[in-house]
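[1] Show me how the following folds:
(4 chains)
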Protein chains: 2
Amino acid sequence: MLDPISRVRRFNRAVTSAVGALDTSFLGRGRPLGAARVLNAIGHGRSDVAEIRDYLGLDSGLMSRLLRSLEDEGLIETTAHEDDARRRVAKLTRAGRREFAAYEALSNTQAKGFLDRHAQADALLAAMDLIASALTRDRIALDAMDPRSDEARYCLGEYYAELGRRFKQGFDVSLSRDPDAVDMRRPRGTFIVAMSDALPLGCVGLKGTDHGYAEIKRLWVAPAARGLGLGRRLMEAAESAARELGIALLRLDTNSALPEAGQLYRRTGWSEIPRFNDDPYPDLFFEKRV
Amino acid sequence: MLDPISRVRRFNRAVTSAVGALDTSFLGRGRPLGAARVLNAIGHGRSDVAEIRDYLGLDSGLMSRLLRSLEDEGLIETTAHEDDARRRVAKLTRAGRREFAAYEALSNTQAKGFLDRHAQADALLAAMDLIASALTRDRIALDAMDPRSDEARYCLGEYYAELGRRFKQGFDVSLSRDPDAVDMRRPRGTFIVAMSDALPLGCVGLKGTDHGYAEIKRLWVAPAARGLGLGRRLMEAAESAARELGIALLRLDTNSALPEAGQLYRRTGWSEIPRFNDDPYPDLFFEKRV
DNA sequence: GCATATATCTGACTTTAGTCAGATATCTTG
DNA sequence: CAAGATATCTGACTAAAGTCAGATATATGC
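    Have a look, this model is predicted:
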């Protein structure tokens, strides 16, 4: 009915008024919004004054005065940065932590109230994840991580669950050649996770072998991050990690039930090769020289 | 990985900064945000000063000054309301329409830029619709409309498409007993559409018959509005319309492939009855005395 | 060691937003 | 028609946000 642009603008109107309501609830604590924002930035772990100023987009004069007013309230303390005495570092006092917790409670209550009013919270959360990822796509960081870390294991769990849904015969990881974690750690390989804030949105493993090539394994992009080019970014990161590790030849296997994966490989310089392992799941095999 | 509340708050952070960016782009036109908002409200058809004030939540003094500043710029003209000379009515001048169009272009460019950067715009739009509907649920209006109106036809088209997806054998409306539009118009019946802004989110038809009962037909809720209790609201509206029209007995048919519909009927006082028509699609029949 | 760059702070502003108490004109109700 | 209600406007404020030009202290590069 509505055209796409009108639908985006309907969304904009809806969230603008919701955001305004949260700001108003923050004012209820008797402090101007500017000071509240600085306090919350510090509470969320931003201690460096220059970083806070940059994050909130404040003028240095204004920032200085907001810090002073929070200090006068006894909510923060500032000290010189240990490596550079020009910079200042702010931290919450005990009273500041209490006040920060009160703001957190307001935010959490608002969030919970929104979820509680909705009968199908899963669909709502999935939609929120998708939009938040799209809006912050430029801030998605690709970090090398241990494949045994919580973030990596979360990604792998989601990846296996998705294979189970998409393969007609399901997916049992114990039947697949599960790569040893050590093969996906430096110096034999690596494991890369795409993180948006604290939310893992995708992963890829580079698994070293003793056969003169390394394998790309476990490429996964969260449903909330599809359409952002994250698969391509992860593959590029894996290939450049391979180059750094002195690996010249890469191979991977995949399944034709995952057409978007095959398409990505074909578009980015991979060539199809004959089967090179006896894993029961894959039916497509690729190779690329990097 | 993240808990639901953190996911909502991640979304809040993401949209807060996006909304801020749009506001900043509005400032680029050299006018304070307050005045820009009033101008845009007038451009979007709100002419009554009291209505604008209420919509934007402004103090009457502030509102008056903002109107004066727009008048001084030559962007609007105000006249007395024709029925009530205390009230004022604002409208754009030629220059005002030009300036309004410039703000519209900024909003549209922002919306389009966001969509264009995303490879799967359909999923993104569906997510935005869902969230916008959840945020504005209290402003969803149920309006009686002609079943031949654009809004009604849009709903029916979506409804048929969904039946086609959910019935194993598909759905061909020409095989079903398509109700005559006149039977879903007063005084024989009615057709109700749930509207959120200009987006239709659901519908229900009350179809008069000559057999001593009326039928509920075409109950549909858009995917973007599921979980908001809209199905129940639509049914209540249809039942109360029936009461108004002096109809005492209601019947409906549905299909067990739509379990959420059957559940809704059972929970709201409908009792299952034997088949009362020879439509090939339904396999469940209900009745309710209102 | 000195010139230059950087991070923060202070003082002196301006603009924007918002509040509140009347004033004025008009409408509604009895 | 009078009394009260309502819509807008004006004047006189305050608070918050933001700007900008130095001042001060510290770091960095030659």
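[2] packing partners for the strand or helix carrying residue A:10?
    Per DSSP states H and E, residue A:10 falls inside helix A:4-27. On a contact count with 3 or more Cβ pairs under 8 Å, 6 or more residues apart in numbering or on different chains; DSSP states H and E, helix A:4-27 meets helix A:33-43, helix A:94-116, helix B:4-27, helix B:94-116, helix B:121-135. No exception for glycine: its C-beta is placed from N, CA and C like everyone else's.
[3] what sits up against the third one?
    Helix B:4-27 is contacted by residues A:12, A:15-16, A:19, A:22, A:107-108, A:111-112, A:114-115, A:121, A:125, A:128-129, A:131-132, A:135-136, A:196-199, B:2, B:33, B:36, B:103, B:106-107, B:110 when judged by Cβ atoms under 8 Å, 6 or more residues apart in numbering or on different chains.
[4] Check whether that helix comes into contact with DNA strand D.
    No. Helix B:4-27 is not in contact with DNA strand D by Cβ under 7 Å from any atom of the strand; minimum separation 8.9 Å.
[5] ok, that helix near DNA strand C or not?
    No. Helix B:4-27 does not reach DNA strand C (Cβ under 7 Å from any atom of the strand); its nearest approach is 8.1 Å.
[6] sec struct for residue A:186, please.
    coil (DSSP: H, G, I helix; E, B strand; the rest coil).
[7] Make sure it is actually in contact with residue A:245.
    Yes. Contact criterion Cβ atoms under 8 Å: residue A:186 and residue A:245 qualify, at 7.2 Å.
[8] Up against chain B, what does the stretch 101-250 of chain A have?
    Residues of the stretch 101-250 of chain A found near chain B (Cβ under 8 Å from any Cβ of the partner chain) are A:107-108, A:111-112, A:114-115, A:117-121, A:123-132, A:134-137, A:150-151, A:154, A:196-200, A:226-229.
[9] Separate out the buried members of these.
    A:107, A:111, A:114-115, A:118, A:121, A:123-132, A:134-137, A:151, A:154, A:196-197, A:199-200, A:226-229 (16 or more other Cβ atoms under 10 Å in any protein chain shown).
[10] tell me the domain boundaries of chain A?
    A:4-117, A:140-289 (automatic domain parsing).
[11] Determine which stretch of those domains is the most buried.
    domain A:140-289 (a mean of 17; mean count of other Cβ atoms under 10 Å in any protein chain shown).
[12] chain center to it, what's the gap?
    In terms of Cα atoms, centre = their mean, to the nearest Å, the centre of domain A:140-289 is found 17 Å from the chain centre.
[13] Kindly check the end-to-end length of it for me.
    27 Å (Cα to Cα, to the nearest Å).
[14] sorry, back to before: looking at the domains of chain A, which is closest to residue B:158?
    domain A:4-117 (14.4 Å; Cβ to Cβ).
[15] So for the closest one, mean pLDDT?
    When pLDDT is averaged over domain A:4-117, the result is 95.
[16] re the thing from before, how big is the angle separating the helix holding residue A:10 from helix B:94-116?
    Here helix A:4-27 runs at an angle of 90 degrees relative to helix B:94-116 (axes from the mean of the first three to the mean of the last three Cα atoms, to 10 degrees).
[17] Measure how far helix A:4-27 is from the centre of its chain, please.
    Using Cα atoms, centre = their mean, the offset of helix A:4-27 from its chain centre is 24 Å.
[18] Just checking, which helix or strand succeeds the longest strand along chain A along the chain?
    Across chain A, the longest stretch assigned as strand under DSSP state E is strand A:199-208. Note on strand A:199-208: by DSSP H and E, the next helix or strand toward the C-terminus is strand A:214-221.
[19] ok, and what's touching that following strand?
    A:155-156, A:158-159, A:162, A:179, A:184, A:189, A:194, A:201-209, A:230-231, A:234-235, A:238, A:242, A:245, A:247, A:249-253, A:261.
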